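> let me see the structure of the following:
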Amino acid sequence: MDCLDCNFGTKIFIGSEIDIKAKKLAIITDSNVAKLHSATLSQKLGTIEHTFFPFPAGEASKTRKTKERLEDLLLSNGFGKECSIVGFGGGAVTDLAGFIAATYMRGVPFYAIPTTLMGMVDAAIGGKTSVNTPAAKNAIGCFYPARNIYIDPSYLDTLPEQEILSGFAEVYKYAFIAEPGLLSINNMKDLITMSCHVKKLVVEKDMFETGYRRILNFGHTIGHALEAASGFQIPHGFAVALGMRAESWISYALGHLPKEDFDLIEKTLKRYPKPPTLSKKKIMEALSHDKKPGFVLLKRIGAPMEFDGMFCSPVEGELIEEALSHIC
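Numbers count the residues shown, from 1 in each chain. Okay, the predicted model is just below:
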């Protein structure tokens, strides 16, 4: 089993084994994952006492209300300070489970077992936990890294093609901001390992997102606005892909990104469909609620703009609207 040891307190294991040291586990998952994989996980956990707490699948369930309901269930089922929490599922699950672990009994150990490509290469790594609000995605949360992350690529065998494509958006993001070589890797395990390595290195440099870590937001400022404006009907990866196209267009329009690099990004991301009809006004309104300080722009593939060391550049509203016309 491969292991990446991160300086922010997380070990990432890539393989099929699970070795959690805990007396009692609360396994937070969604309804789809529970149906497909709960029996297999129970077998792997062996004699460790554990209980599954599923919630309805989908980003729309990642809310304060769901968090409250799950916390009440933990309390009513006798889970105290001695328990550990496992997030078993995609990014919505690990985001929510991590946030619960951070606040339940003032903090209990958290472990992540991502089952989607998005979760494996991005969402479970780096300690960001959160819930959504009607106004904005990930508006409430905290930093609380998992102690261990167990990545088993075989979970991807049960995912629909749309989920795999959604996860690839984050892989492409790593290629565009840091490691262009990802675009030529075909083996899934190697792709996951390299993506995890890129995110590990970025987070290790800037755990609390005061500067360099913001490069991971490439495509996300506009992507999150698209998600919020659509009522979270657009898959996260699809929205991020469209956001990367828009932010690449801004980079090109401002004279930073060479045309050949812009064309390669366009060619790579054209496989993601345009969103259903959304008004620019609604998208711009969602952007106004985003907690990110600006846009991640590129000077070439693999090299984001620094902008005073903050890696987020201000962009005029008129140019943002032009970028939205490019993708909508």
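> in the strand or helix carrying Leu41, what's buried?
According to DSSP states H and E, Leu41 maps onto helix 31-45. Within helix 31-45, the residues that count as buried by 16 or more other CB atoms under 10 Å are 32-34, 37-38, 41, 44-45. Heads up, the C-betas are built off the backbone N, CA and C, glycines and all.
> which of those residues sits closest to Ser61?
Asn32 (11.2 Å; CB to CB).
> buried stuff in stretch 51-59?
52-55, 57, 59.
> quick one: those residues as a markdown table, columns for secondary structure too.
Compiled in a markdown table, those are given as follows (DSSP: H, G, I helix; E, B strand; the rest coil):
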| residue | secondary structure |
| --- | --- |
| Phe52 | strand |
| Phe53 | strand |
| Pro54 | strand |
| Phe55 | strand |
| Ala57 | coil |
| Glu59 | helix |
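> pretty sure Asn32 contacts Ser61?
No - the criterion here is CB atoms under 8 Å, and Asn32 misses it with Ser61 at 11.2 Å.
> contacts only, for the residue of the chain most remote from its centre.
Most distant from the centre of the chain: Thr47, at 31.4 Å, with distances by CA atoms, centre = their mean. Shown here is Thr47, which makes no contacts under the criterion CB atoms under 8 Å, 6 or more residues apart in numbering.
> ditto for Tyr174
121, 182, 194-195, 198-199.
> who does the closest residue to Leu4 other than its chain neighbours bridge with?
Nearest residue to Leu4, sequence neighbours excluded (CB to CB, 6 or more residues apart in numbering): Ile12, at 4.2 Å. According to DSSP bridges, the residues that bridge with Ile12 are Leu4, Ile149.
> next, count neighbours for Ile12.
Neighbour count for Ile12, taken as other CB atoms under 10 Å: 24.
> can you give me the strands in the stretch 151-300 of the chain?
298-300 (DSSP state E, counting those that start in this stretch).
> where in it is pLDDT low?
Low-confidence segments of the stretch 151-300 of the chain (pLDDT under 70): 293.
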